[in-house]
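Colleague: here's my sequence, what's the structure:
(chains A, B, C and D)
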2 protein chains.
Amino acid sequence: MAKSRKTTKTTHADSAGRTTVQLKARRSNLEDRKLLSPEDALRTEGLFKMLANDTRIRLLHHLVRSREASVGDIANALDMKPQAVSNQLQRLSDTGMVASRREGVSVFYRVKNGCVAPLLDLALCLMDAEGCDSASR
Amino acid sequence: MAKSRKTTKTTHADSAGRTTVQLKARRSNLEDRKLLSPEDALRTEGLFKMLANDTRIRLLHHLVRSREASVGDIANALDMKPQAVSNQLQRLSDTGMVASRREGVSVFYRVKNGCVAPLLDLALCLMDAEGCDSASR
DNA sequence: TCACTATTACACGATATCGTGTAGTAGTGT
DNA sequence: ACACTACTACACGATATCGTGTAATAGTGA
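Modeller: All right, here's what the predicted structure looks like:
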């Protein structure tokens, strides 16, 4: 992107077809040592905003688990109306988080942005470690 | 918490006084293999919601960097009105993300919830790796 | 007590969010 | 063309968010 931080990303799929992202030189708190520009703050806000919703979290989690799913599948799995699912998928698509593929009458969605899975994973992990009573707004 | 997942957290402070959180048995995508309960989704939403704001991100980032800061300090550093800063800090305090300490007329805030730093760190890291055009709403 | 500073409580208004219902489109088969 | 399914576009209403301005509170010193 604009600024170059020396982060190396290694993405590979294991036998189960699952994607693992390894971050080298992650050196925790590396980013915390330099000032956070308003632009970066806005980009980060945009990223977290997409994850800051009950529905989208379950939706994305479902997509991460199943690699690909149609609107109807998801609506059925999450017990939601297709419109609501399509709504959120549209939003997620606009921000580049997911991508779609048409097959007959169905439209299959998949996670596109690599930030989703790791962040979801870390969040769930950390929420266990911490009490994270933070939940109920 | 309610459910027990075998995650081990190790927190320690190095010579510089910075806290590092190591997660053992993190095994990426572990959480993605079991169904995400609506409750967990809500808790995760709550966590991400606190990070889904321009102001709070800069605020938390500042707190992570300086370990502790008063309302006035932050307002000054981020070029914001004290009320706005206090507002957000209040919200962050309600959700257990930060804690406060009074010293004279000033109130010093610090990051309390261990999820904050790692998530911020990972997000910034990943946004570099990915294009993450996702930003602009 | 008075003045002063730092912080907070609260109501207001502008804006954003999200599910719903209705209507529309695309693809497929008859 | 017609019916049917899967999805989407859009307007609406309820609710949430967030900075602002005003007023209140807490701490400190004269």
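Colleague: isn't A:Thr55 up against A:Met80?
Modeller: Yes - using Cβ atoms under 8 Å, A:Thr55 is in contact with A:Met80, at 7.0 Å. C-beta here means a position set from N, CA and C on the backbone, and glycine is covered the same way.
Colleague: ok, these two, which is more surrounded?
Modeller: A:Met80 (18 against 15; other Cβ atoms under 10 Å in any protein chain shown).
Colleague: for A:Gly104, see how far away the more buried one is.
Modeller: 22 Å (Cβ to Cβ, to the nearest Å).
Colleague: do the same with A:Ala52
Modeller: 34 Å.
Colleague: those two: who's more crowded?
Modeller: A:Ala52 (20 against 6).
Colleague: give the contact list for A:Val105.
Modeller: Listed by Cβ atoms under 8 Å, 6 or more residues apart in numbering or on different chains, the contact set of A:Val105 is empty.
Colleague: and it, its phi and psi?
Modeller: With angles defined as degrees, to the nearest 10, A:Val105 sits at phi -90, psi -20.
Colleague: dump the residue contacts of the residue nearest the centre of chain A.
Modeller: Averaging the C-alpha coordinates of chain A gives a centre point, and the residue nearest to it by Cα atoms, centre = their mean is A:Val116 (2.0 Å). Taking Cβ under 8 Å, 6+ apart, we find A:Val116 in contact with A:51, A:60, A:64, A:97.
Colleague: okay, the closest residue in space to the second one that isn't next to it in sequence and B:Gly114: tell me how far apart.
Modeller: Once flanking residues are discounted, A:Leu60 sits nearest to A:Val116: 5.5 Å by Cβ to Cβ, 6 or more residues apart in numbering or on different chains. Relative to B:Gly114, A:Val116 is positioned 22 Å away (Cβ to Cβ).
Colleague: who in chain A is up against DNA strand C?
Modeller: Within chain A, the residues that sit near DNA strand C (Cβ under 7 Å from any atom of the strand) are A:49, A:52-56, A:80-81, A:83-84, A:87-88, A:91, A:102, A:104-105.
Colleague: just the buried residues of stretch A:103-114, please?
Modeller: Neighbour-count burial for stretch A:103-114 flags A:108-109, A:111-114 (criterion: 16 or more other Cβ atoms under 10 Å in any protein chain shown).
Colleague: of those, which belong to helices?
Modeller: Residues of the buried residues of stretch A:103-114 located in helices (DSSP state H): none.
Colleague: now do A:Arg33, the pLDDT please.
Modeller: Listed pLDDT for A:Arg33 reads 73.
Colleague: and the helix or strand hosting A:Asn87, what other elements does it pack with?
Modeller: Assigned by DSSP states H and E, A:Asn87 belongs to helix A:82-94. When contacts are defined as 3 or more Cβ pairs under 8 Å, 6 or more residues apart in numbering or on different chains; DSSP states H and E, helix A:82-94 sits against helix A:54-66, helix A:71-78, strand A:98-103, strand A:106-111.
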